[in-house]
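K.L.:
Could you look at this predicted model? Sequence included:
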Amino acid sequence: MPEAALYKIAKQATVAKNERGRKPSREEQAVLHLIMALCWLILGGVLLAWRWSDQPAPSATIWGTGIPLGWFGVAMALYNLLRWWLDHRAKKSLGQKLP
């Protein structure tokens, strides 16, 4: 494969744009944050429910600390909710002037 073709592929891979050739809008990013929060919350909830329902079985912990891995999922869900809320508040305070 010629070097020019490899360069073109690498350049396309590094551009943060969606299929329409533009950066995602704030609304699209906010929806992504909500979807990610929901995914992390479901994952964390399932891991915590599994841990609490089946005590004798070994379960995943965070680096051997004894803290169930499900709490990491809950923390990530809260982080994504915070990102959504900050974007939502910024958009509201600037009166929809942001692209």
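P.N.:
Structure's in. What do you need?

K.L.:
So what does the closest residue to residue 78 other than its chain neighbours look like in phi/psi?
P.N.:
Distances taken as CB to CB, 6 or more residues apart in numbering place residue 37 nearest to residue 78, at 7.8 Å, with adjacent residues excluded. The C-beta positions use only the backbone N, C-alpha and C, and glycine is treated the same way. Taking degrees, to the nearest 10, you get phi -60, psi -40 for the backbone angles of residue 37.

K.L.:
and residue 37, what pLDDT?
P.N.:
Per-residue confidence (pLDDT) for residue 37: 94.

K.L.:
okay, now it: neighbour count?
P.N.:
19 (other CB atoms under 10 Å).

K.L.:
can you check the one 3 residues further on too?
P.N.:
Burial of residue 40, expressed as a neighbour count using other CB under 10 Å, amounts to 20.

K.L.:
What of the one 4 residues further on?
P.N.:
By the measure other CB under 10 Å, the count of residues near residue 44 is 21.

K.L.:
CA atoms only for stretch 70-83 - export them in CSV, please.
P.N.:
C-alpha atoms of stretch 70-83 as CSV (Å, rounded to 0.1, in the frame of the first residue of the first chain):
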residue,chain,number,x,y,z
GLY,A,70,-20.5,-2.4,40.3
TRP,A,71,-19.8,0.8,42.3
PHE,A,72,-17.4,1.8,39.5
GLY,A,73,-20.3,1.5,37.1
VAL,A,74,-22.4,3.7,39.3
ALA,A,75,-19.7,6.3,39.6
MET,A,76,-19.3,6.4,35.9
ALA,A,77,-23.0,6.9,35.5
LEU,A,78,-22.9,9.8,37.9
TYR,A,79,-20.0,11.3,36.0
ASN,A,80,-21.9,11.1,32.7
LEU,A,81,-25.0,12.6,34.3
LEU,A,82,-22.8,15.5,35.7
ARG,A,83,-21.4,16.1,32.1
